[in-house]
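Engineer: can you look at this prediction? I've put the sequence above it.
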Protein chains: 2
Amino acid sequence: MTVNGRHSGRPTLEEVAARAGVGRGTVSRVINGSPRVSDRAKAAVEVAVAELGYVPNRAARALAGNRTDAIALVIPEPETRLFAEPYFSDIIRGVGAELADTDMQLLLTLIRTPKERSRFAQYLSAHRVDGVLLVSVHEDDPLPDLLEQLDMPAVLNGRRSDLESVSYVDSDNVGGARSAVGYLLGRGRRAVATITGPVDMYVARCRLDGYRQAVGAAGLGDDASLVARGDFTEEGGRRAMRELLARRPDVDAVFAASDVMASGALQVLREAGRRVPDDVALIGFDDSVIARHTDPALTSVRQPIEEMGRTMARVLLEEIAERTSVRRHVVLATELVRRDSA
Amino acid sequence: MTVNGRHSGRPTLEEVAARAGVGRGTVSRVINGSPRVSDRAKAAVEVAVAELGYVPNRAARALAGNRTDAIALVIPEPETRLFAEPYFSDIIRGVGAELADTDMQLLLTLIRTPKERSRFAQYLSAHRVDGVLLVSVHEDDPLPDLLEQLDMPAVLNGRRSDLESVSYVDSDNVGGARSAVGYLLGRGRRAVATITGPVDMYVARCRLDGYRQAVGAAGLGDDASLVARGDFTEEGGRRAMRELLARRPDVDAVFAASDVMASGALQVLREAGRRVPDDVALIGFDDSVIARHTDPALTSVRQPIEEMGRTMARVLLEEIAERTSVRRHVVLATELVRRDSA
DNA sequence: AGAGATCGTGGGAGCGCTCTCACGCACGGT
DNA sequence: ACCGTGCGTGAGAGCGCTCCCACGATCTCT
């Protein structure tokens, strides 16, 4: 049941050429959108392509053209679990949306063991993708450096530090934290505490910075007794909140650097008999599912995750297209989503 | 520059062969694990491969071998949002784990528009993947039929009906619902209601069936006034719960076919002044993040999602390996996770 | 001991593209 | 009229692999 052909497969370039009455080269030019083709030839080829239902063979193209038309989305596993839940799918949604009109393929690569990491390095040097999207980079992650060294187009989601050299797309963690704390201060709260993430994570430091900036801008001194260290887990949030309550019984607002920690803090506040938001206002970060389901629902800082995914893909495609290795750094704005907890 | 000289790329099969002092064919046999190679030749090749850091060129292999060593994970978009959030990442985690020791690539394909759907169909007929993993099939989804028609190895996550012909991996929705309801009955609840999903979804019907089986087994009649229809949304859960409360003020337990609906029901119960679990016991389904963060935390039926992902991948690989198209149907057990709501 | 069967092996013939080059042909300028 | 100059074009030469066939060497079995 092959169209009218002798062999049992998909039509090839050659067959299209024969049908259109042109050479292989001309068909190739039309397929790849080269301008140096006469209108007549182009039309003929397009007809033949349509009639035969021709679709280029990716492998052949990759082999001849020395490219792959594929990019990898790399996810270091340990992270995934920690993530605010919709994060992952939102990033993918964004990347997918941006890639939809391209014929780039999206390869998913999970890395959870050192073995898989080195496997991936090998993978990269075998040039099996045209570019890499790296989610949730750690400060001590060697992958970005490897990517840079191999001169492989790459875009990080987040960055390792202020000095990040590899291209990245990040959300404005500092600004988000600052506006959350600013909001609390604006509502007359005076003893505004914060529960931080692990301070060896850049993103945690940024949120703490934002807190400090807002507090400083309000003319309040930097009071260490209002800063408790968490670790982005619920239990960590509980612990930090207990600490805060012990140190500063007068606390009237808390900015937690993640919804998960805020959720933990909320439990402790309730147990301690503090009403939220009446006695203590509470703001989280991430605007995750959790935020909508706690009682009261959490006011939280939303990151434009899907937009980040889209931007990452766009930036990567640009970087692949122009072969120069100009780094791009994009920081997207966050948004304070007001609910009931503050 | 490339003919037989040192070119600037990765080592090729040919170079490995030269270095090992054997022919191209022999190297290929070693690489692909063919048994018909002498130990001596095999050792020599392995040394050469290691020394040169040889990694086979995927495109060349695909072109010559007429396969791709890639499978697609297809996600119909409208669904994704509905999903209990960790679902998606858990499936991916499972698939990834199973694929880790293979050199199969995982391609992610989002389908959100009819245009993308037809694009994907074309993609399939161009044979760009060796197999397909299809998440969250709808009953009227034409994709599985297309897959079957193209004779493309495929595994569904869930099934369209009892008569599903394509291979699938599903969780035991009927059994999960039955055990949840059985648990409620076992604790002495007598007016056990259920909030169903949309009845045009197979999974929703299964959970309703499980409910009916448990109620029937307890010798209680099938009481339509205890069945309220939801739609897997929170608002649907609220509406159904109000309905239930109006019809049966004596209701003392509710089995909701999803955590999201259970969360909605919980709000209505609280507003109505019913204590959970004292007055009304409540069980959800999915064991999602939400379940852990409501107050009280939801007892819920857990699906082994990651295990489903793993199984899907394993089944697909088998199906690709043996070219026969024997269908496989795997149903994995669920587990009742007891928390505070029942 | 001879005839087959079996094994390991090398290398030719592609797989379906892209790249490149050289060939016409139509122009413009002189 | 002449010669460039440019454009559109066809086709050869690979890209790096797998498949397959044929070859000699070894191993059976009568």
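Structural biologist: Thanks, I have it.

Engineer: low-scoring pLDDT stretches of the stretch 1-150 of chain A, where are they?
Structural biologist: A:1-9, A:78-85 (pLDDT under 70).

Engineer: please enumerate the helices of it.
Structural biologist: A:13-20, A:24-31, A:39-52, A:58-65, A:77-82, A:85-99, A:114-125, A:143-149 (DSSP state H, counting those that start in this stretch).

Engineer: hey, which of those is tucked in deepest?
Structural biologist: Among the helices of the stretch 1-150 of chain A, helix A:85-99 has the highest mean neighbour count (mean count of other Cβ atoms under 10 Å in any protein chain shown), at a mean of 23. In this view, the C-beta of every residue, glycine as well, is placed from N, C-alpha and C.

Engineer: other SSEs contacting that one?
Structural biologist: strand A:70-76, strand A:105-111, strand A:131-135, helix A:289-293, helix A:305-321, helix B:77-82, helix B:85-99, strand B:105-111 (3 or more Cβ pairs under 8 Å, 6 or more residues apart in numbering or on different chains; DSSP states H and E).

Engineer: where does the stretch 51-200 of chain A come near chain B, residue by residue?
Structural biologist: Proximity of the stretch 51-200 of chain A to chain B (Cβ under 8 Å from any Cβ of the partner chain) is limited to residues A:53, A:55-60, A:62-63, A:68, A:73, A:77, A:80, A:83, A:85-86, A:88-89, A:92-93, A:96-97, A:100, A:105-110, A:116, A:122-123, A:125-128.

Engineer: circling back: what would the helices and strands packed on helix A:85-99 look like in a markdown table with distance to DNA strand D?
Structural biologist: A markdown table is the format used below for the helices and strands packed on helix A:85-99 (distance: least, Cβ to the nearest atom of the strand, whole Å):
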| stretch | distance to DNA strand D |
| --- | --- |
| strand A:70-76 | 17 |
| strand A:105-111 | 19 |
| strand A:131-135 | 20 |
| helix A:289-293 | 45 |
| helix A:305-321 | 20 |
| helix B:77-82 | 36 |
| helix B:85-99 | 19 |
| strand B:105-111 | 15 |
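
Engineer: tell me which of those lies nearest to DNA strand C.
Structural biologist: helix A:305-321 (13.2 Å; Cβ to the nearest atom of the strand).

Engineer: helices and strands around that closest one, which ones?
Structural biologist: strand A:70-76, helix A:85-99, strand A:131-135, strand A:154-157, strand A:168-171, strand A:329-332.

Engineer: re the thing from before, dump the helices of the stretch 1-150 of chain A to CSV, plus distance to DNA strand C.
Structural biologist: Supplementary listing: the helices of the stretch 1-150 of chain A in CSV, determined by distance: least, Cβ to the nearest atom of the strand, whole Å:
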stretch, distance to DNA strand C
helix A:13-20, 3
helix A:24-31, 3
helix A:39-52, 10
helix A:58-65, 3
helix A:77-82, 36
helix A:85-99, 19
helix A:114-125, 21
helix A:143-149, 23
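
Engineer: out of these, which is closest to residue B:135?
Structural biologist: Among those, helix A:85-99 comes nearest to residue B:135, with 11.3 Å by Cβ to Cβ.

Engineer: how about the nearest residue to residue A:171 once chain neighbours are set aside, what does it touch?
Structural biologist: Using Cβ to Cβ, 6 or more residues apart in numbering or on different chains and skipping the chain neighbours, the partner closest in space to residue A:171 is residue A:303 (4.1 Å). Shown in contact with residue A:303 (Cβ atoms under 8 Å, 6 or more residues apart in numbering or on different chains): A:171, A:176, A:286, A:287, A:332, A:334.

Engineer: closest to residue A:23 out of the helices and strands packed on helix A:85-99?
Structural biologist: Of the helices and strands packed on helix A:85-99, nearest to residue A:23 by Cβ to Cβ is helix A:305-321, at 27.8 Å.

Engineer: list the buried residues for the closest one?
Structural biologist: A:305-317, A:319-320 (16 or more other Cβ atoms under 10 Å in any protein chain shown).

Engineer: any part of that helix near DNA strand C?
Structural biologist: No. Helix A:305-321 does not reach DNA strand C (Cβ under 7 Å from any atom of the strand); its nearest approach is 13.2 Å.

Engineer: just the mean pLDDT for stretch A:244-261, thanks.
Structural biologist: In this model, stretch A:244-261 has a mean pLDDT of 96.

Engineer: say whether chain B is contacted by that stretch.
Structural biologist: No. On the criterion Cβ under 8 Å from any Cβ, stretch A:244-261 is out of touch with chain B, staying 9.2 Å away.
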